[in-house]
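Student: turn this into a model:
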Amino acid sequence: MGTTEDDTAAERLRTLATHYIEPARTGTGIRGPRPTEARPPLNVNIVSHMAASVAEVIDRARADAPHAGHAPAVPDGIYQWWRDNTQHLDAEKRQARETVIYRQGLEHALAMGDHKVIRRHPCPACGCFGLFWRSTVGRAACSNLDCTDPLGLSRTWNLARLAHEHIAREFARTKRATI
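Tutor: Residues are numbered from 1 along each chain as shown. Next up, the predicted model:
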């Protein structure tokens, strides 16, 4: 369980590190006045996102396995390191670990501008596959007109909830397959 999620999260983190650190070129191509300050040589938002993701994994791994070895120097190896050092956990904690890894994979994809990863998830309330990413609020929203909250607004879900629902389905499917 979790190899594909881990590979996806690690692959997305590797892609962030190799292709999205440089700041995007903006502008219309029309020359204007020269800026008075130089642009940073890297995309600070991506770097801070990556650092926060790695720090979260290290903190959680150390909480579950205080005697875990050194974290890998390469960020994309962090997920396998966490998994290797927490094999002894019970099923509930393994599921929580996989949920964090999957959530971070979604965060990496959104940081790269890939909003399609949200569409693959059913709405936790109505079950339809009509979710879309609302970047203004940082949540996935259901497009089903009947799926509204008490105020009549579309229901929205954070990435942690989508990851929890997805991994819970995966664990339930795995458990059913082994019975």
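
Student: show me what contacts the nearest residue to C126 once chain neighbours are set aside?
Tutor: Computed as Cβ to Cβ, 6 or more residues apart in numbering, the closest residue to C126 that is not its neighbour in sequence is C147, at 4.2 Å. In this view, the C-beta of every residue, glycine as well, is placed from N, C-alpha and C. Going by Cβ atoms under 8 Å, 6 or more residues apart in numbering, C147 touches C123, A125, C126, C128, G130, S154, R155.

Student: likewise V117?
Tutor: G105, L106, A109, L110.

Student: name the residues of the helix or strand where it lies that come out as buried.
Tutor: V117 belongs to helix 116-119 when assigned by DSSP states H and E. Within helix 116-119, the residues that qualify as buried are V117, I118, counting by 16 or more other Cβ atoms under 10 Å.

Student: mind checking what helix or strand follows that helix in sequence?
Tutor: Next helix or strand after helix 116-119 toward the C-terminus (DSSP H and E): strand 131-134.

Student: name the helices or strands packed onto that following strand?
Tutor: Packing partners of strand 131-134 (3 or more Cβ pairs under 8 Å, 6 or more residues apart in numbering; DSSP states H and E): helix 116-119, strand 139-142.

Student: restrict the first one to CA atoms and write it as PDB.
Tutor: Only the C-alpha atoms of helix 116-119 are listed here, as PDB (Å, rounded to 0.1, in the frame of the first residue of the first chain):
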ATOM      1  CA  LYS A 116      -6.700  18.500 -12.700                       C
ATOM      2  CA  VAL A 117      -5.600  16.400  -9.700                       C
ATOM      3  CA  ILE A 118      -8.700  17.600  -7.800                       C
ATOM      4  CA  ARG A 119     -11.100  16.400 -10.500                       C
END
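
Student: ok, the residue most central in space within the chain - contacts?
Tutor: Centroid-nearest residue in the chain: Q104, 2.5 Å away (criterion: Cα atoms, centre = their mean). Residues in contact with Q104, defined by Cβ under 8 Å, 6+ apart, are A9, L13, S53, E56, V57.

Student: my guess is the third one contacts A111, does it?
Tutor: Read it as S53. No: using Cβ atoms under 8 Å, S53 is not in contact with A111, being 9.4 Å away.

Student: out of those two, which sits in the busier spot?
Tutor: Set side by side, S53 and A111 show more neighbours around S53, with 25 against 19, by other Cβ atoms under 10 Å.

Student: what about the closest residue to the more buried one other than its chain neighbours, which helix or strand?
Tutor: Leaving aside its sequence neighbours, S53 sits nearest to Q104 (Cβ to Cβ, 6+ apart; 5.1 Å). Secondary structure assignment for Q104, by DSSP H and E: helix 91-111.
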